[in-house]
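Peer 1: mind folding the following:
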Amino acid sequence: MTLPNYFQDPQTLHVNTTPHHAYFIPYHNMEAAEKYVREESHFFTLLNGDWDFNYYASYHHLPEDYLNTAFEHKIPVPSNWQNHGFDRHHYTNVNYPFPYDPPYVPQDNPCGLYHRTLQFKPEANKRYLLNFEGVDACFFLYVNKQFVGYSQVSHCTSEFDITDFLTAGTNHFTVLVLKWCDGSYLEDQDKFRMSGIFRDVYILERENNYLEDIFIQTHLSEDLTRAELRVDLKFKDKPEQVEYELISPSGEKIFAKKAKHLTACVEDLILWNSETPALYSLFLKYGQEVICQKIGFRKIEVKEGVVLFNHAPIKFKGVNRHDSDPKTGYTISYEQALADLRLMKAHNINAIRTAHYPNAPWFSELCDQYGFYLIAESDLESHGSNAVYVPSPEGNILLGAKVDIDHEAIRQQVIDNYCDLSRSPDFKAAMLDRTHANVERDKNRPSVVVWSLGNEAGYGENLEACAAWVKGRDPSRLVHYENAIFQHSQYQNDLSNLDFHSEMYTSTEEIEAYFANPANQKPYLLCEYAHAMGNSCGDLGDYQAIFEKYPGACGGFVWEWCDHAPLLPNGQFGYGGDFGDSPNDGNFCVDGLVSPDRKPHSSLLYLKDVFRPVKTRLEGNQLFITNGFDFIELNEWVSVRYKITQGTQLFAQGELAFASLAPKQTACVEVELPQVGLSYDQLEITYVLKKPWGLLQAYEELGFELFKLPPYNLSVTEIQFPYPAKRPTYTEAATEILVKGDKFCYRFDKLKGIFSQLEYKGKPLLSAPLDFNIYRAPIDNDALIKQHWQAAGYDRAESRAYAVTVEQDERGIIIKVQSGLVATSKARILSLDLEYKINPNGKIRLKVKGQKAAHLPFLPRFGLRLILPKTYQQARYFGMGPGETYVDKCSHGKTGLYHTTPAQNFVNYLRPQEGGSHYGTHYVILEDLLVNCHRPFSFNLSPYRQETLMATKHSYELPESQETVLCVDYKMSGIGSHSCGPALKEKYRFNPTEFEWEVTLSFLNDEEELAILKDQFKNLLGEENEVAA
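Peer 2: Presented below is the predicted three-dimensional model:
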């Protein structure tokens, strides 16, 4: 049997499918419709389950009579066949995984043949519609061995009228799914490429002249108190009378009417928004069917360059979300989606961009119910069209979010390539079809406030036609498309139907420049920013400050929600290249705020703080509390609590009382502060829900503030322990200085200017010399800068002494060193003047004066690295915790006393990299070793050296460690989001020409010394608030 060549014909998109229409389910009575569980409708037959399955590496290998073939396997529907042992996972971001030769796809085009039976008895005068909510990439449908039709567009519903193919008794359903089709050129999204029937399959029993489409439109009055409700219906054959009944959010009947099309006035509106998502229920009764549609009365518009929702200016605090799960791939259940939404709400996210395709149709209904603004995006991306060869000194140039190519002619050629399909007449119908499918299906969903034409497909006549169609079909919503910023050399872009100036991964400086130009009148949207790959999102706070500074900056959508990482055969997470896939983009898919199994990364915790809906500032003893919600009164929903601590001791706590606080308003409350301040007094303000709020329970925390109260001491007084009677002595040799005291023996390497061993009470402390450390295991955001670091020798720097002197005074031994950090083949990196003071207790106080050549790149860090025996496990520190914090990612941390171990402190990023540092630390005690500095510092405790992390591809491949690594850093450069975004800001770089640092290492081996330590740290060693990290 020969297959029709539909899958390589962009003019044949669907064969015998019903027209795109709104999603709804008919129910058998009002009670079932009110309950709104589609599986309980008598007219809904779910075909999910185990289907017969055969996989073929090429459709050419199909048996000639494949409709009568025997089946060797079973496969669950819905699922992706790559998750069940067939074919392989393949991850690529930009590059097509097949030759760029539109509309043709590889001759060896894999396919899956599905089959199942169903005992069925069709009713007379009924129609039966078979729905596929998601099939990748295209499929041929057969019922009882007869060809029914063909369809494509992977993430949109394909519906077939199969009435005339059904028989009473056993019915056979056969589906042939091809991995690639001409539509695959429009589905080049950044994701693992998976195949098969991955969403629900079901049959709907309908009236003979069934209601085919419903379009609900609400036109609100200027004062938003009433609305004209209009409902337009489309029947399969001829218009019919329908009974309408509208129920308010509180359950009151507003009206009941009978008409072909409905126009009604609704008074005293309860408005829908993301904070109070009030939904009306509209019931439509026709024949034996009852259909329920949820209605949210709301208005979104742009006035004077500002996005207004129900007349209030709003900010999108959003994320991009793919359908992705390590076990189920593209197949996402209701429960999985609900868990995502709950986690988003708990972290103050109010908006989702369905990147880069429509989600399952019930997903937007969940967003209606629980309050999320949706940018509903068409299943359209052709990013790889710019991957064709361009003659240039750089070779093959890929166009990403931004274009930074020195040669203007080459840059323009890349853009012209990018716009290839968006200007191709051959693909115009396909692009319009994808737009129609997206809009028609979700046009009645109140959560959908913006239509997006797609992602990274260049720009041209085809997308302009899509934008014009959307504006004509649904002028009530806004239209978005980011790639309209790219201009083909032979075409003048028409942006009149786009409501935003949208960009991705733009720097805050570029956003400032946009608003500095009075010609720019459209609201500014960052549809992707703060690329959350690995240890990332260090610039979230700076972006949010820009959004709040400019009314026309309507927010953005962090890229992205979850790491993409299917399970490997060993049960571990894998990324590009782990499956024998080529070409691949490595771990670029591991770029989420949560892990593949939805464990929050520190970036999500930081995002929660940045997005917190209430903010407080402290002036004297007055607290100014600002309600950052857009619609809800603060006092009704949120309790504002305070706690004052002195070190680890609680001074006072309570709830702040204030009158009603409307959105965007500020209240002033006085709080009694300690009259005699200590060195580490803090005021903590927390925002806690008073009652359940959608997916969240009462008493969940929405955010907090932490204020250091004067006279908060950023410096640390040198700790003086009683000296033993015996002073230390030293012995100097050609290459070594041996310092001995009552309880210690230290070896100092004169060639390097560092201690090679520290022995205390006969126990060696170091597993390797105590050396300076300027490098870190590169985070994903260091991918570009690490090339400069390595070129300067930072990754292999070592100490080299030029001059060493030693002397003794009444307080101990003083070793002075002139040294540097050097690397083979490279000029000196740092010049260091060092002074080591060893007192009779064995305490080492190190003073550092450093100089760095101005032309060298900024340093990843500067500090000491102690490689210790594995027995050094228990650590307590007073600083920011409990999770990792960095100079540009720390406001989610709370300063306090924490306990941790190397294993607990290690952050298990899928690709090993720097993680687990604690910014703003005052001291750390690791077993009997105390470390403190003259100013707060950063430290990291890990089982692994950074060299081990750098040499390991996956965290699960890390060997069992026999060491404990303690890094004590004067400074650690920030995190940023440079893996796909702007370079790290200068203010977060450690880039001095000169610097000074003091650090002290002490041993704590008896109670007297511990008592003195506790006294000098003023309550910092208490137990009351100790938390495990």
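Peer 1: same for the lengthiest strand in the chain, what does it pack against?
Peer 2: The longest strand of the chain (DSSP state E) is strand 929-942. In this structure, strand 929-942 packs against strand 861-869, strand 875-881, helix 902-905, strand 918-926, strand 963-972, strand 994-1003, with contacts taken as 3 or more Cβ pairs under 8 Å, 6 or more residues apart in numbering; DSSP states H and E. Every residue, glycine included, has its C-beta placed from N, CA and C.
Peer 1: any idea how far Arg776 is from Ser79?
Peer 2: 41 Å (Cβ to Cβ, to the nearest Å).
Peer 1: which one of those two has more residues nearby?
Peer 2: Between Arg776 and Ser79, counting by other Cβ atoms under 10 Å, Arg776 is the more crowded of the two (27 against 23).
Peer 1: what residues does that one make contact with?
Peer 2: When contacts are counted by Cβ atoms under 8 Å, 6 or more residues apart in numbering, Arg776 touches 782, 860-861, 914, 946, 972.
Peer 1: again, 10 Å this time
Peer 2: When the contact criterion is Cβ atoms under 10 Å, 6 or more residues apart in numbering, the partners of Arg776 are 535, 782, 786, 789, 794-795, 859-861, 913-915, 917, 940, 946, 949-950, 967, 969, 972-973.
Peer 1: likewise for Gly820?
Peer 2: Here Gly820 is in contact with 753, 772, 797-802, 827-832, 850-851 (criterion: Cβ under 10 Å, 6+ apart).
Peer 1: now do the SS call for the residue lying closest to it once chain neighbours are set aside.
Peer 2: What sits nearest to Gly820 in space, not counting adjacent residues and going by Cβ to Cβ, 6 or more residues apart in numbering, is Arg828, at 4.7 Å. Under the three-state scheme (DSSP: H, G, I helix; E, B strand; the rest coil), Arg828 adopts coil.
Peer 1: one step back: and the helices and strands packed on strand 929-942 as a markdown table, adding mean neighbour count, distance to Glu672 and mean pLDDT?
Peer 2: Output for the helices and strands packed on strand 929-942, formatted as a markdown table (neighbours: other Cβ atoms under 10 Å; distance: least, Cβ to Cβ, whole Å; pLDDT from 0 to 100):
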| stretch | mean neighbour count | distance to Glu672 | mean pLDDT |
| --- | --- | --- | --- |
| strand 861-869 | 21 | 40 | 99 |
| strand 875-881 | 24 | 25 | 95 |
| helix 902-905 | 19 | 37 | 98 |
| strand 918-926 | 24 | 26 | 96 |
| strand 963-972 | 23 | 37 | 99 |
| strand 994-1003 | 18 | 36 | 96 |
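Peer 1: looking at those, which is nearest to Glu807?
Peer 2: Checking the helices and strands packed on strand 929-942 against Glu807 by Cβ to Cβ gives strand 994-1003 as the closest, at 19.2 Å.
Peer 1: give the buried residues for the longest strand of the chain.
Peer 2: Within strand 929-942, the residues scored as buried using 16 or more other Cβ atoms under 10 Å are 929-934, 936-942.
Peer 1: now that strand against strand 963-972, angle please.
Peer 2: Angle, strand 929-942 to strand 963-972, by axes from the mean of the first three to the mean of the last three Cα atoms, to 10 degrees: 100 degrees.
Peer 1: who does strand 929-942 pair up with?
Peer 2: Applying DSSP bridges, strand 929-942 is found paired with strand 918-926 (antiparallel), strand 963-972 (antiparallel), strand 994-1003 (antiparallel).
Peer 1: quick check: angle from the first one to strand 875-881?
Peer 2: Between the direction of strand 918-926 and that of strand 875-881, the angle (the same axes, to 10 degrees) works out to 170 degrees.
Peer 1: what do you get for the second one?
Peer 2: With the same axes, to 10 degrees as the basis, strand 963-972 and strand 875-881 are set at 40 degrees to each other.
Peer 1: how far off centre is strand 963-972?
Peer 2: Computed by Cα atoms, centre = their mean, to the nearest Å, the chain-centroid distance of strand 963-972 equals 28 Å.
Peer 1: with only the CA atoms kept, save that strand in PDB.
Peer 2: The C-alpha coordinates for strand 963-972 follow below in PDB (Å, rounded to 0.1, in the frame of the first residue of the first chain):
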ATOM      1  CA  GLU A 963      37.800  14.700  51.000                       C
ATOM      2  CA  THR A 964      36.100  17.700  52.300                       C
ATOM      3  CA  VAL A 965      36.700  20.900  50.400                       C
ATOM      4  CA  LEU A 966      36.300  24.200  52.200                       C
ATOM      5  CA  CYS A 967      36.500  27.400  50.000                       C
ATOM      6  CA  VAL A 968      36.800  30.600  51.900                       C
ATOM      7  CA  ASP A 969      36.300  33.500  49.400                       C
ATOM      8  CA  TYR A 970      37.000  37.200  49.900                       C
ATOM      9  CA  LYS A 971      34.900  37.700  46.800                       C
ATOM     10  CA  MET A 972      33.000  35.500  44.400                       C
END
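Peer 1: what about the spatially closest residue to Thr45 that is not a sequence neighbour, helix or strand, and which?
Peer 2: Nearest non-adjacent residue to Thr45, counting by Cβ to Cβ, 6+ apart: Ile203, 4.3 Å away. Using DSSP states H and E, the element containing Ile203 is strand 201-207.
Peer 1: send the alpha carbons of that strand over as CSV?
Peer 2: Provided in CSV are the C-alpha atoms of strand 201-207 (Å, rounded to 0.1, in the frame of the first residue of the first chain):
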residue,chain,number,x,y,z
VAL,A,201,-7.7,10.3,22.2
TYR,A,202,-11.5,10.1,22.6
ILE,A,203,-14.8,9.9,20.8
LEU,A,204,-17.5,12.5,21.3
GLU,A,205,-21.1,11.4,20.6
ARG,A,206,-22.9,14.5,19.2
GLU,A,207,-26.3,15.5,17.9
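Peer 1: where does the stretch 651-800 of the chain dip in pLDDT?
Peer 2: Within the stretch 651-800 of the chain, the ranges that satisfy pLDDT under 70 run 676-678, 712-721, 725.
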